[in-house]
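Student: Sequence and predicted structure below; questions after.
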Amino acid sequence: MTATAEPLRIALPGLGLDLAALAWGDAGLPALIALHGWLDNAASFASIATHLSGTRRVIALDLPGHGLSDHLPAAARYDLPLYVQALHAAAAALRLDRFDLLGHSLGGAIASLYAAAFPQRVARLLLIEALGPMADDGGDTLARWRAALAGAGNDRTARVFAGAEDALAARCRITGQNPAAIRPIVARGVCAHAGGVVWRSDTRLTATTPVRIAEAQVRALLAGIESPVLLLRAEPESPFLPHTLLHARAACVPRIDIALLHGGHHLHAEQPESCARLLLRTPDAASAA
């Protein structure tokens, strides 16, 4: 089992950017691409990769604008289609025709949409605290549209912290996350600046999104996922992922198993061995868990 991460750089000339990644496991093993959550990075999977890399070649990407990956040009916008295109281009650059796909939070939303768009590429879809993207019920559409096109959030400057531990403490205060679970994310996610550290991630990632997809559209896309799906959800539920909504969406997916673990939103970092054991089970075994 390989615990040491191999750094990768993946050129995506069609999109005009490079992605950074971390890989664990022998290159001859079946591939598993992992996608992290919003404002996280590939180190989100450092703990669980230790338990997966005996049977999988785990390749965790830094999404565009995150971690060590390139930021988008000034005129470009971060959105779900861009992330799906970047994943597709990265898989092509890695010469992966078919692979397991693991996504946490935002990464799970991207993975869900990718599996709907390219069902022949995804052998198994593995989701942690996600099933499709955040949707809009229409109530905030006009306000969101106006704020986004007025540039809300685009001029935000990076906050300077005294050091990585201060950045970690600040994030935990805001999110309530377990410091031990996200320390690798912070270590990869900050860089030196003006006598302290700042987050490497593009500040535009926190800008207002002009349009969110409607819930009916999300469910129509989820119905197009053909691969077996295993969803790990946390108890207690996350405020942005109520279990009633999750189960309503799951009913649209042809082949899905859901497993419950007690813990926080970063289940894979808090309980890496338990999560890995579930993720590596066959679909039939997972449904019996």
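Tutor: On my side now, so go ahead.
Student: all helices of the protein, in order?
Tutor: 46-52, 80-93, 106-117, 141-149, 164-175, 179-189, 215-222, 243-250, 267-270, 272-279, 283-287 (DSSP state H).
Student: just checking, what packs against the longest one?
Tutor: Which is helix 80-93. Under the contact definition 3 or more CB pairs under 8 Å, 6 or more residues apart in numbering; DSSP states H and E, helix 80-93 sits against strand 6-12, strand 17-24, strand 31-35, strand 57-61, helix 106-117. The C-beta positions use only the backbone N, C-alpha and C, and glycine is treated the same way.
Student: next one: the fifth one
Tutor: Using 3+ CB pairs under 8 Å, 6+ apart as the contact definition, the elements that helix 164-175 packs against are helix 179-189, strand 196-199.
Student: For these, give me JSON lines that also has mean neighbour count and distance to Ala42.
Tutor: Conversion of the helices and strands packed on helix 164-175 to JSON lines gives the following (neighbours: other CB atoms under 10 Å; distance: least, CB to CB, whole Å):
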{"stretch": "helix 179-189", "mean neighbour count": "20", "distance to Ala42": "7"}
{"stretch": "strand 196-199", "mean neighbour count": "19", "distance to Ala42": "15"}
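Student: May I see the ones you listed arranged in a markdown table, with distance to Arg95 and mean pLDDT as well?
Tutor: Shown next, in a markdown table, are the helices and strands packed on helix 164-175 (distance: least, CB to CB, whole Å; pLDDT from 0 to 100):
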| stretch | distance to Arg95 | mean pLDDT |
| --- | --- | --- |
| helix 179-189 | 25 | 94 |
| strand 196-199 | 32 | 96 |
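Student: Now that we have the ones you listed, can you turn them into JSON lines and tack on distance to Pro210?
Tutor: Below are the helices and strands packed on helix 164-175 laid out as JSON lines (distance: least, CB to CB, whole Å):
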{"stretch": "helix 179-189", "distance to Pro210": "26"}
{"stretch": "strand 196-199", "distance to Pro210": "23"}
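Student: which non-adjacent residue is nearest the residue most central in space within the chain?
Tutor: For the chain, the residue nearest the mean C-alpha position is Gly107 (2.1 Å; CA atoms, centre = their mean). Nearest-residue entry for Gly107: Leu35, 3.0 Å, with adjacent residues in sequence omitted and distances by CB to CB, 6 or more residues apart in numbering.
Student: what does Asn41 give?
Tutor: Gly67 (3.1 Å).
Student: any idea how far the residue nearest to the centre of the chain is from Glu165?
Tutor: For Gly107, the distance to Glu165 (CB to CB, to the nearest Å) stands at 26 Å.
Student: Point out where the stretch 1-150 of the chain drops to low pLDDT.
Tutor: The stretch 1-150 of the chain contains residues with pLDDT under 70 at 1-3.
Student: With that, I have no additional questions.
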